[in-house]
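Trainee: Please find the sequence and the predicted model below.
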Amino acid sequence: QVQLVESGGGLVQAGGSLRLTCAASGRTFSIYGLGWFRRAPGKEREFVAALNRNGGATRYADSVKGRWTISRDNVRATVSLQMDSLKPEDTAVYYCAASFSITNYAPAKESDFGSWGQGTQVTVSS
């Protein structure tokens, strides 16, 4: 099993930056893809960003493309999300997720991921 713990959320003004980090523990060698999802108040959880095992393939939601960067450190078993140019509509609970599918692509569907963190709140004020 793999456990995921997110950190780095908080309150920031529009235009500011935050960096989320997710630390994995347990059978981390079994992790292939890693990703971030978010759930805004009153909305369904949605895909944000993901990358494959070696970080060579990434995928972003259109709403964050060009503003945010996903990266991973396989030695430390962490995945990070650098969020720049934050907007009020980015306010949500952000979830880290791990995929165990043996593939070289960056997964994007919730069904691709087998482990989830508890989430961290990001609030962007206008």
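Mentor: Arrived safely, thanks for sending. Numbering: from 1, shown residues only.

Trainee: pull the longest strand from the chain.
Mentor: strand 18-26 (DSSP state E).

Trainee: which parts of the very next helix or strand once past it are buried?
Mentor: Moving toward the C-terminus from strand 18-26, the next helix or strand (DSSP states H and E) is strand 34-39. For strand 34-39, the neighbour count (16 or more other Cβ atoms under 10 Å) marks 34, 35, 36, 37, 38 as buried. Bear in mind the C-beta positions are built from the backbone N, C-alpha and C, glycine included.

Trainee: now the residue nearest to residue 40 when sequence neighbours are not counted: how far from residue 7?
Mentor: Sequence neighbours aside, residue 92 is the residue nearest to residue 40 in space, at 4.2 Å (criterion: Cβ to Cβ, 6 or more residues apart in numbering). The gap separating residue 92 from residue 7 is 16 Å, by Cβ to Cβ, to the nearest Å.

Trainee: same thing with residue 108?
Mentor: From residue 108 to residue 7 the distance is 23 Å (Cβ to Cβ).

Trainee: The two: which has the busier surroundings?
Mentor: More crowded of residue 108 and residue 7, by other Cβ atoms under 10 Å: residue 108, with 18 against 14.

Trainee: pLDDT weak spots in the protein?
Mentor: Applying pLDDT under 70 to the chain flags no residue at all.

Trainee: That's all I had, so thanks and see you.
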